[in-house]
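[1] sequence below, structure please.
(chains A, B and C)
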Amino acid sequence: MAGIELAPAEIQVLQDLTILVFAPFVSGAVAHLEGRLQGRRGPRILQPYYDIAKLFHKETLVPEDASWVFLAGPVVAFACYLTVPLLIPVLTQYPLPLGYMGDILGGGFILSLAGFAVGLAALETGGAYAQLGSSRAMTFGALIEPSILFVTFTVALVTATDLPYFEAAAVRSSLGQAIDPAHLLAAVAFFLVVLNDTSRIPVETHASTLEFGMIDEARTLEHSGPAFALLKWGSAMKQLILYVILINVFAAPWGEAGSRQVGPVLLAIPAFIGKALGVGAIFAVIDSSFSKLRLFKITEFMAVAFLLAVLAVLVLFLGAR
Amino acid sequence: MAALGTSPTTLTDAADVLALLVLLSEFAMLRSSLSRSQVRLYAFQSLCVSVLAGFVAATRHIGELYGLMSMSFVLKVIVVPMIILRLVKEVRVDVTAGHRIGVATMVLLAIVLSIFGIFVVGRLPVHSRSLPILPLALAAAVILVSFLLVIVRNDVVSQAIGFFSLENGVSVASLVLAAGLPLIVELAFLFDLLVAVVVFALLMRVHHGRAGTLSTQALDRLRG
Amino acid sequence: MGAVLIAILVLPLAASVVCLKAPMPTAKAVSLTSGVATFGLALTLVSSHQVATALSGWLRADALSVVFLLAVSFLYGATTVFAVGYLRPGEGPAEARYSRRFFAGLNLFAWAMAMAPIVNGLALLWVAIEVTTVVSALLVAIGDTDGAVEAAWKYVLIASMGLGIALLATVFMYYAGSTVLGGSYEIFYPKLLGAAPYLPPEIVRLSFGLAVLGFGTKMGLVPVHTWLPDAHSEAPTPVSALLSGALLTVSFYAILRFYQVTERAIGPAFPRDVLLVFGLASLVLAALYLASQRDLKRLLAYSSIEHMGILAIGMSFSAPIAIVGVLLHVLAHAAAKSTAFFGAGSLIRKFGTKDMDRIRGGIGALPWSGPMFLLAVLALSAMPPFGIFRSEFLIVEGGLSSGATALSAVLIVLVTCAFLGLSWFASQTMLTPTPESVVRGEVSVWMAGSMVIGLVALVVLGLHPPAQLCGLLERAAAELGART
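    Numbers count the residues shown, from 1 in each chain, chains lettered A, B, ... in the order given. Now for the predicted structure:
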């Protein structure tokens, strides 16, 4: 294929579609791998698709005292999760037109907005467990914020902007950059943040519903039908988005398309899915190797993430003098 | 991201990472609640320091430092942990006696102290020939956090490990600042450390013999 | 001259090795000989105007070194005299083991303290002081009581952490020197002092501050003095005397060496301010705490902190006569504090307790040691005709002539407070009628005799210090930058 070039707008839509379509796949693959690691047969890799499809056919039940917020929450969250892929490097090395709409902080805000919407919807239900999960999620979200901020500062100190594209470019520039201590620290700190935000061990067991330890899972207990389908889909997308940021900004920003030609762009899709599966495998291994932390020990976990992020900034600060 | 005075190479970055590992193991020591794991963390920290010494030896072509590196490896990574581990095994105490302030507060305090140490060193007009200035800043942080470790933890093993990690921090600082220190002096420092370890171990055993525990909470008879 | 240094290097070490295996009477004799001989050797160095070196420069004794060597060796000699009487002869294996450990440790401790003033260079100085810490910690714990173990653990931990900081200071100073002298050089004093004016000022400032903090831990400066009262009160009396009289002074010597370099590099203003702050804090705290003591040896320990504060404040006055006073005070304090501790040892042995509430009528119970102890306490409070009066007078005179009148006034007030505290306790324990249950008579001739030595030295220093000694003091003060 000679140079058929895609228009930037088309690539942008393609990015969004990729995340939308492949998120449940990644989720299912990770769950399957985890099952295998634990000696079971594991669920089907395409199971999440079937789940979502089934849910769209079911009826919606709404608690008596809930208002329109209850149904709006999942929709708002889903919309946010559709917006964020426009801002981050998924398929391409170069920034796309809407990529300047928001930087890392902006992306973080939108993700928080999604979480906020879901949390509000949970509060609406008046159910004990939902409110419990909601309050816990808000608290731990607030506690992990400083780490995210400091990681952002690291990126900003490196590139003098905090557009994720430029950080990725900096990492690609030389091998020495990859083992730069500040970069490593920031990457590990962000890895811990992702562990927290995708509700994985050691923060929460996503595979079961232990009420005493539930944080994120508890918020979605009362939903049903299409709204629930949107929630599940949305959380799978959130997971993939966080993987994308981890991979394409910090850890392994290779394999993306350098031009607008069709070939490289389409090749970028399996490349990035493959990398996401790799990260997912790491998470599956962690899931099977460690146990969940007691609830009030999670603050220690966050202290560690914060420590690493602060050290990253300090190391950079000292190196740049 | 170059340190002042040296061009950024993979080697200096690796040295920076080693110094970082020293600081991170210090934090881990602060947090850990098992005596055995504290000692193992100390062994790991000493390993990083020895490798760092090897780095300096390689880049500055100081042959004496290889000898120093192997001596400090044998002493601090093998002998000292062995002595302390044997004591802990004899005493059969596994979990340390606890701390005066909560873990999260401790970590936050440690972060504040590290920031202070790193900033102070950052302001000094130091140009080292052997390593970038970052390991010196991290060494200052290690020294301050080791003080915190000694103050906050309530048992003799933690306090002893705190002192030993202070020596590790000073070793890193001396690698940055005084890599050319005559070998005789460096050996004297090392053997001094060994003797200090023996004395510490002895006193720990005596303390345990009298008090029946490794905790220092009973050590408050003498006041005023 | 060099031979003297080598003899001092070898003699106490050999004595220590011998005492490892010797039975008690032999150990006592060997230690006594070694102590007296070391003091004699040190005396021979007083009148020489040249710097003695040995071992191709690794040992070096200039006037400053000789002053401190005198103090250490005097204490070594007097303590061995006292120790002959202190350790009661016993037949059991426990006593024999205690005696072996005690004398081996005592000689080794004295050896390390004698080494510190005569080794050349800041690095070896640190090594010597570290050895003293380690050995003295074992000596403090030798009594194996609850209190002794607690005191030993606190001591070794705090002192070692402080010495870690001092090591950092040495490393920084080495780095400062390396900017002028090249990457690798022997850190001998003459070389460093020669390069001093070219050293980078901030590094030297940092190094001095860290050195005062680190070595000040071993010297007993507030606020890093917390190990001192415990260690000095729980150790056996001869060890307490050595700790108070010699070890604190040797740590002060280390600070003075850093002062010497710093003063030549950045001028005396900064080091004087630092020493003033620490000295004032020590003096204030000690004077206040003195009044509330119950333990006899703890009282004397706080008095040591007070005197270390006076030394630091004396160094902060800019008149040369104050520095001469400081050096004389080092000698006089060594003599006075050792005598006081020896007397306390006799009292404790006689009355069986350290608690001053239970000691009454010392003068009656101990016809010789009692009055001598009283004299020693008065000497510590700067009573004429003893040496401390002369030295403190010189310090105050230096303060007044350098314009620090307010500080000198504060110094006098605080010293008076300390005097009040000390004399209150002295009169309570000494000048009251002796209870019937106490047997009158000296505990040991040796223990009383050692006090005589100290008092004689004090009187000599106070009334008429020999001309050679005065010359030595002035030469040492000149080395510290005093331009008379």
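[2] ok, C:Leu122 to C:Leu276 distance?
    23 Å (CB to CB, to the nearest Å). Glycine gets a C-beta too; all of them are placed from N, C-alpha and C.
[3] meant to ask about B:Leu47, not that
    44 Å.
[4] ok, B:Leu194 next?
    Computed as CB to CB, the B:Leu194 to C:Leu276 distance reads 38 Å.
[5] and what of B:Phe27?
    Distance of B:Phe27 to C:Leu276, given as CB to CB: 37 Å.
[6] go on, C:Ser303?
    For C:Ser303 relative to C:Leu276 (CB to CB), the value is 21 Å.
[7] more neighbours, the two?
    Neighbour count, other CB atoms under 10 Å in any protein chain shown: between C:Ser303 and C:Leu276, C:Ser303 has more, with 27 against 18.
[8] the helices in the stretch 51-200 of chain C, which residues?
    Along the stretch 51-200 of chain C, counting by DSSP state H, counting those that start in this stretch, helices occupy C:63-86, C:93-118, C:122-140, C:146-181, C:189-195.
[9] out of the ones you listed, nearest to C:Leu13?
    helix C:93-118 (4.9 Å; CB to CB).
[10] which parts of the closest one count as buried, going by neighbours?
    C:98-100, C:102-118 (16 or more other CB atoms under 10 Å in any protein chain shown).
[11] surely C:Phe74 touches C:Ala334?
    Yes - using CB atoms under 8 Å, C:Phe74 makes contact with C:Ala334 at a distance of 6.0 Å.
[12] those two: which is more packed in?
    Taking other CB under 10 Å, C:Phe74 and C:Ala334 do not tie; C:Ala334 has more neighbours (30 against 24).
[13] closest residue of chain B to chain C?
    Of all residues in chain B, B:Gly180 sits closest to chain C, at 3.0 Å by CB to the nearest CB.
[14] list the residues that contact that residue.
    Going by CB atoms under 8 Å, 6 or more residues apart in numbering or on different chains, B:Gly180 touches B:Ile62, C:Ser178, C:Gly182, C:Gly183, C:Ser184, C:Tyr185.
[15] what's the burial count for the first one?
    As a burial measure, B:Ile62 scores 20 neighbours (other CB under 10 Å).
[16] so what's the backbone phi/psi at it?
    phi -100, psi 110 (degrees, to the nearest 10).
[17] right, and it touches B:Ala179 too?
    Yes - counting by CB under 8 Å, B:Ile62 touches B:Ala179, with 6.3 Å between them.
[18] okay, and the common contacts of these two?
    Taking CB under 8 Å, 6+ apart as the contact criterion, the common neighbours of B:Ile62 and B:Ala179 are B:Val56.
[19] wait, which of the helices of the stretch 51-200 of chain C is closest to chain A?
    Counting by CB to the nearest CB, chain A lies closest to helix C:146-181 out of those; the figure is 17.9 Å.
[20] now for chain A, the helix or strand with the poorest mean pLDDT.
    Ranked by mean pLDDT, DSSP states H and E, the helix or strand of chain A with the weakest confidence is helix A:175-178, at a mean of 61.
[21] do stretch B:14-24 and chain A come into contact?
    Yes - using CB under 8 Å from any CB of the partner chain, stretch B:14-24 reaches chain A at B:Ala14, B:Asp16, B:Val17, B:Leu20, B:Leu23, B:Leu24.
[22] now do the helices in chain A.
    A:8-37, A:47-56, A:68-83, A:104-125, A:128-159, A:164-173, A:175-178, A:181-197, A:225-245, A:262-289, A:298-319 (DSSP state H).
[23] ugh, wrong one, I meant chain B
    Remark: helices assigned in chain B by DSSP H are B:10-31, B:35-60, B:63-72, B:80-91, B:103-122, B:134-152, B:156-177, B:183-211.
[24] give me the below-cutoff pLDDT ranges for the chain.
    The chain I'm using is chain A. For chain A, the stretches flagged by pLDDT under 70 are A:1-3, A:93, A:99, A:159-162, A:171-179, A:207-209, A:211-213, A:252-260, A:319-321.
[25] the chain in question should be chain B.
    The model of chain B has pLDDT under 70 over residues B:1-11, B:93-98, B:129-130, B:183-184, B:211-214, B:217-224.
[26] 90 instead, please
    For chain B, the stretches flagged by pLDDT under 90 are B:1-20, B:28-38, B:52-109, B:111, B:115, B:117-137, B:150-161, B:167-168, B:171-224.
[27] for the residue most central in space within it, which non-adjacent residue is spatially closest?
    Nearest residue to the geometric centre of chain B (CA atoms, centre = their mean): B:Ser165, 2.0 Å. Nearest non-adjacent residue to B:Ser165, counting by CB to CB, 6 or more residues apart in numbering or on different chains: B:Ser146, 4.6 Å away.
[28] again, but for C:Thr405
    Going by CB to CB, 6+ apart, C:Thr405 has C:Gly399 as its nearest residue, at 7.4 Å.
[29] and the gap between the residue in the stretch 101-250 of chain C that chain B sits nearest to and B:Ala179?
    Relative to chain B, the nearest point of the stretch 101-250 of chain C is C:Ser184 (3.0 Å; CB to the nearest CB). Look at C:Ser184 and B:Ala179: by CB to CB, they are 8 Å apart.
[30] what residues do those two have in common as contacts?
    Listed as contacting both C:Ser184 and B:Ala179 by CB under 8 Å, 6+ apart are B:Ile62.
[31] neighbour count: the two, which is higher?
    With neighbours defined as other CB under 10 Å, C:Ser184 and B:Ala179 compare such that B:Ala179 has more, 25 against 16.
[32] so which bits of the stretch 201-321 of chain A are right by chain B?
    Neighbours of chain B within the stretch 201-321 of chain A, by CB under 8 Å from any CB: A:299-300, A:303-304, A:306-307, A:310-311, A:314-321.
[33] tell me the one of those residues nearest chain C?
    Distances from chain C to these, taken by CB to the nearest CB, are shortest for A:Arg321, at 15.4 Å.
[34] pick out the residue of the stretch 101-250 of chain C closest to chain A.
    Counting by CB to the nearest CB, the stretch 101-250 of chain C gets nearest to chain A through C:Glu202 (15.4 Å).
[35] okay, now the closest residue to A:Leu242 other than its chain neighbours: neighbour count?
    In space, and not counting its chain neighbours, A:Leu242 is closest to A:Val194: 4.7 Å by CB to CB, 6+ apart. Residues lying near A:Val194 (other CB under 10 Å) number 18.
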